[in-house]
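**Student:** Predicted coordinates and the sequence they were generated for:
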Amino acid sequence: MADLLLHQYEVSPFAAKVRRALRYKGLAFEVRNYRVVDAGKIRKTISPTGKTPVLEDETGLVVDSTAILRHLDARYPEPPILPSSPADRARTHIIEDWADESLFFYDLAMRGWPNNIDWLKRDVLSHDSGFMRWLLYRLLDGFVKKTGQAQGVGRKDRDTICSEVAAHFDAIVDMLGDGDWLVGNHLTVADIAVASMCTVIERAEEAAALMQKRSTLQAWRERVDEATFAPGTAPEARATT
Ligand SMILES: N[C@@H](CCC(=O)N[C@@H](CS)C(=O)NCC(=O)O)C(=O)O
């Protein structure tokens, strides 16, 4: 086994957070990709919650991208992805949690709309095949809708969701001001978490249009991508690389 093995659903923005952090720290790693039909196996073997990503290393299994990023920063402190001051650490914590627990559901809602859902399904089922892929392809609409309804964002109408996403993007722009990074003077987990979510939400055409109108947001994303991808990684490959 590799020293660092990432168990993942490849297109998950939570897995993307971990891959970006590993590359930023210059750490070699391998990935094990799972299919949607592996959900039961994941729960029984590597993740009591059934969720991925899970990082496996010599210390064992670490579940949840937020925990994994802290684990990596503790074991491989250079370059740091957490600020040194408690106040800035708290800010990164809040922003990361907002990206993971709020922005993610706007992503799910927008990408669940009829004009966007085909791309979402192809992403989610990229490792499934045969009859199960055929079946899941038909069931996924209902699952995405049900998840969005249960969480709440999915109950809002399209115009409301678009204006809330616009407000979120404006908040990122205002938070950046003239600075390069969301918190403090270097890249942190806040930048990694928000950029990872941007890379999937832009696969909804409405979100892509809102993003294109904000040059500060685009420039910041390019800065974060430059620091967390190998040179030459194509923009369309960034959600899965
Ligand atoms: N808070 C978790 C969220 C992870 C998560 O929601 N992963 C999704 C993939 S995008 C998953 O594993 N879903 C499977 C399930 O809910 O059973 C993290 O940051 O790692």
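**Tutor:** Thanks, I have the structure now. Remember, predicted model here, so these are calculated numbers, not experimental data. Residues are numbered from 1 along each chain as shown.

**Student:** Tell me where this protein has helices.
**Tutor:** 13-24, 39-45, 65-75, 86-98, 104-111, 117-124, 130-151, 158-176, 189-201, 205-212, 215-228 (DSSP state H).

**Student:** quick one, which of the ones you listed is packed in tightest?
**Tutor:** Ranked by average neighbour count under the criterion mean count of other Cβ atoms under 10 Å, those are headed by helix 189-201 at a mean of 26. (Glycine included, C-beta is placed from N, CA and C.)

**Student:** and that one with helix 158-176, angle?
**Tutor:** Orientation check (axes from the mean of the first three to the mean of the last three Cα atoms, to 10 degrees): helix 189-201 against helix 158-176 gives 150 degrees.

**Student:** Give the other helices and strands that helix 189-201 contacts.
**Tutor:** For helix 189-201, the elements it packs on are helix 13-24, helix 65-75, helix 86-98, helix 104-111, helix 215-228, judged by 3 or more Cβ pairs under 8 Å, 6 or more residues apart in numbering; DSSP states H and E.

**Student:** about what we covered before: for the helices of the chain, give me TSV that also has mean pLDDT and distance to residue 59.
**Tutor:** TSV is the format used below for these (pLDDT from 0 to 100; distance: least, Cβ to Cβ, whole Å):
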stretch	mean pLDDT	distance to residue 59
helix 13-24	98	15
helix 39-45	96	17
helix 65-75	98	8
helix 86-98	98	22
helix 104-111	98	27
helix 117-124	96	30
helix 130-151	96	32
helix 158-176	98	34
helix 189-201	98	20
helix 205-212	98	37
helix 215-228	98	24
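
**Student:** okay if I get the helices and strands packed on helix 189-201 as JSON lines plus distance to the ligand?
**Tutor:** Putting the helices and strands packed on helix 189-201 into JSON lines (distance: least, Cβ to the nearest ligand atom, whole Å) gives the following:
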{"stretch": "helix 13-24", "distance to the ligand": "4"}
{"stretch": "helix 65-75", "distance to the ligand": "4"}
{"stretch": "helix 86-98", "distance to the ligand": "9"}
{"stretch": "helix 104-111", "distance to the ligand": "7"}
{"stretch": "helix 215-228", "distance to the ligand": "17"}
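
**Student:** okay if I get those as CSV plus distance to residue 158?
**Tutor:** Output for the helices and strands packed on helix 189-201, formatted as CSV (distance: least, Cβ to Cβ, whole Å):
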stretch, distance to residue 158
helix 13-24, 22
helix 65-75, 29
helix 86-98, 22
helix 104-111, 9
helix 215-228, 21
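
**Student:** Let me know which of those is the nearest to residue 199.
**Tutor:** helix 13-24 (6.4 Å; Cβ to Cβ).

**Student:** Point out the residues in this protein that sit beside the ligand.
**Tutor:** Selection of the chain residues close to the ligand by Cβ under 6 Å from any ligand atom yields 9, 12, 14, 39, 50, 51, 52, 53, 64, 65, 66, 100.

**Student:** ok, the fifth one - contacts?
**Tutor:** Spelled out, it's residue 50. By Cβ atoms under 8 Å, 6 or more residues apart in numbering, the contact list for residue 50 reads 39, 42, 43.

**Student:** Relative to residue 237, how far out is it?
**Tutor:** 27 Å (Cβ to Cβ, to the nearest Å).

**Student:** Could you do the second one as well?
**Tutor:** According to Cβ to Cβ, residue 12 and residue 237 sit 15 Å apart.

**Student:** Compare those two (neighbour count), which wins?
**Tutor:** The neighbour count for residue 12 versus residue 237, taken as other Cβ atoms under 10 Å, is higher for residue 12 (22 against 10).

**Student:** Number of residues surrounding residue 156?
**Tutor:** 15.

**Student:** mind listing what it touches?
**Tutor:** Here residue 156 is in contact with 109, 164 (Cβ under 8 Å, 6+ apart).
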